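Asks: all I have is the shape, not the residue letters:
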């Protein structure tokens, strides 16, 4: 009995030592270790994944609101990086939800419906925001106006890689006519990232097939 109790005591001591040596992995480290599974392990694949995440969000939002989707995708060179802009005519996102949707990994990018209607390509649009800031150092720029609201909300934000919380750098309300949004309601996201156009044909086919379906 004495020997058994001694073994238990030793095991408990080892467990305590292991617990003390454990540390909370930062969201950036998690992202780096799992980029291949998340779809951001190369510039070409990262761009495709970011486009799909943004478009899936837009389609889910317009579908739930009963709005015929009108989605624009723009990709342009910006020096050593590429700028991706995706804009939709969905119902928009409230001021309170914007930082969480775009600035918190695993928060859930399907922010309108309780259940997403499309399979996730990675871990949500916030992953594209994180990939952008880790490769270019630039914040994501989000503009959104909800139905019935005359003013649009504008945010520039990044993800705090230690706390996995949104870090808002710019927040303001845009006056009517000042917004970049072409429809009267919807959401626009702009991110600058390390990318290349090696997957140009894949992107072209994706957009073509998507337009035929919708």
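Replies: On my side now, so go ahead. What you see is a predicted model, and the numbers here were worked out from it, not measured in a lab.
Asks: and the longest helix along the chain, what other elements does it pack with?
Replies: Across the chain, the helix with the greatest residue count (assigned by DSSP state H) is helix 43-65. Using 3 or more C-beta pairs under 8 Å, 6 or more residues apart in numbering; DSSP states H and E, the elements in contact with helix 43-65 are strand 72-78, strand 81-88, helix 125-136, strand 186-193, helix 200-213. For glycine as for every other residue, the C-beta is placed from the backbone atoms N, C-alpha and C.
Asks: now that helix: average pLDDT?
Replies: Per-residue pLDDT over helix 43-65 has a mean of 92.
Asks: again, but for stretch 176-186
Replies: Regarding stretch 176-186, the rounded mean pLDDT is 74.
Asks: gap between the two ends of that stretch?
Replies: Using C-alpha to C-alpha, to the nearest Å, the end-to-end distance of stretch 176-186 comes out at 14 Å.
Asks: worst-scoring helix or strand of this protein, pLDDT-wise?
Replies: One helix or strand of the chain scores below all others by mean pLDDT, DSSP states H and E: helix 2-21, with a mean of 55.
Asks: and the next element down the chain from it?
Replies: Toward the C-terminus, helix 2-21 is succeeded by helix 27-33 as the next helix or strand (DSSP states H and E).
Asks: show me how far the next helix-or-strand element following that following helix is from its chain's centre.
Replies: Once helix 27-33 ends, the next helix or strand along the chain (criterion: DSSP H and E) is helix 35-38. The chain centroid and the centroid of helix 35-38 are separated by 14 Å under C-alpha atoms, centre = their mean, to the nearest Å.
Asks: what mean pLDDT does helix 35-38 get?
Replies: Averaged across helix 35-38, pLDDT comes to 89.
Asks: shouldn't residue 141 be in contact with residue 155?
Replies: Yes. When contacts are counted by C-beta atoms under 8 Å, residue 141 is listed as touching residue 155 (7.5 Å).
Asks: look at those two and report which has more neighbours.
Replies: Using other C-beta atoms under 10 Å as the criterion, residue 141 and residue 155 rank with residue 155 on top: 23 against 20.
Asks: give me the contacts around the helix or strand where the more buried one lies.
Replies: Taking DSSP H and E as the criterion, residue 155 maps to strand 152-160. Outside strand 152-160, the residues within contact range by C-beta atoms under 8 Å, 6 or more residues apart in numbering are 27, 95, 98-99, 102-105, 126, 129-130, 133, 139-145, 165-174, 178-179, 181.
Asks: if we can go back for a sec, list the buried residues of the longest helix of the chain.
Replies: Buried residues in helix 43-65, counting neighbours by 16 or more other C-beta atoms under 10 Å, are found at 43-63.
Asks: leaving out chain neighbours, which residue sits closest to residue 27?
Replies: Among residues not flanking residue 27 along the chain, residue 164 sits closest, at 4.4 Å (C-beta to C-beta, 6 or more residues apart in numbering).
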